[in-house]
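>>> need a structure here:
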Amino acid sequence: MAQRSPNGVSQMHYHPEYYLRDGDVTFHVEGTLFRVHRHFFERESQFFVKEFAKAPKEGTSDFSAFRLDQVNSADFARFLWVWYSPSYRRESKPKDHWLSILELSTIWQFPEIKQLAIDELQKLNIEPVEKITIYDKYQIDRSLLLSAYKFLCKRASHISEEEGERLRMPTVLRIYEARERAYGGPAENRIRNPISAGAGDEELEKILIDVFSLKGHATNGQDAQPPVKSDDVPIMQTPKPHVNGATNGHKTPASGSVSKNVLLETVCCGTD
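Okay, here's the model as predicted:
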């Protein structure tokens, strides 16, 4: 269903699943209106508690919808799915689904949803280099990466240039330090397979825990996260004055993933 402004210039669409009749807050994402329940946002995110308080009357209708810039509508729908999934038993979802949820929950400071995404990602078979890159990006407990570090230490091939760029130098250096301590040198200089030479799994784990300053064996816990600076979180701006029911003129990004500069603001859109 589309929604047109009186001048016929702009066109909005209701999301087929997440425009709810009993919803009490409206968001505008990439030309799509989502009407959901403010309660969930205020219950789980202090960021939204503070930002809603700045504009208490906004988002209450389609005319004053909060606009989410630099947010993909598909990602936002995945995020809402956490609350509105029709299944009592959480269905299996692919990696990209949980990465969308992980990114938005990190940016918007939803700690419980972030932990849910981490728990679900832990169940998936993610290639070690990719897993390390993801967990470093979102500051997830490195103890959960113990098996990935072990894999890179034990495999016969060396870390490639492309892998090194993804892992970043500190991680690469620590991997090589652990390999040298466990096996007496880089894997490519050894004749025998590392599994049959040098330290055993238990000793290798102890070395990795020391080298990476891990808390211990992998758990589902998270390291304490550093305080988020005000410049690092999304900003919800107070609405601009509505003029004849027209939009405020902001452009919606065509595509792309969410960044730390995700912007929340209010947008006015007209109806027939």
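>>> Now stretch 155-169: buried residues?
Within stretch 155-169, the residues that count as buried by 16 or more other C-beta atoms under 10 Å are 158-159, 163-164, 166-167. Every C-beta, even on glycine, is put in place using the N, C-alpha and C of the backbone.
>>> pLDDT averaged over stretch 147-161, what's the number?
Averaging pLDDT along stretch 147-161 yields 94.
>>> could I get it in PDB with only the CA atoms?
Output for stretch 147-161, consisting of C-alpha atoms alone and laid out as PDB, is shown next (Å, rounded to 0.1, in the frame of the first residue of the first chain):
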ATOM      1  CA  SER A 147      38.800 -22.200  18.600                       C
ATOM      2  CA  ALA A 148      39.300 -19.800  15.700                       C
ATOM      3  CA  TYR A 149      42.800 -18.800  17.000                       C
ATOM      4  CA  LYS A 150      43.600 -22.500  17.500                       C
ATOM      5  CA  PHE A 151      42.700 -23.300  13.900                       C
ATOM      6  CA  LEU A 152      45.000 -20.600  12.500                       C
ATOM      7  CA  CYS A 153      47.800 -21.800  14.800                       C
ATOM      8  CA  LYS A 154      47.500 -25.400  13.900                       C
ATOM      9  CA  ARG A 155      46.900 -25.300  10.100                       C
ATOM     10  CA  ALA A 156      49.900 -25.900   7.900                       C
ATOM     11  CA  SER A 157      49.500 -22.900   5.600                       C
ATOM     12  CA  HIS A 158      50.600 -19.400   6.600                       C
ATOM     13  CA  ILE A 159      48.300 -16.400   6.900                       C
ATOM     14  CA  SER A 160      47.800 -14.900   3.500                       C
ATOM     15  CA  GLU A 161      48.200 -11.200   2.700                       C
END
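>>> Tell me if I'm right that residue 85 and residue 92 touch.
No. With contact defined as C-beta atoms under 8 Å, residue 85 does not reach residue 92; the gap is 11.8 Å.
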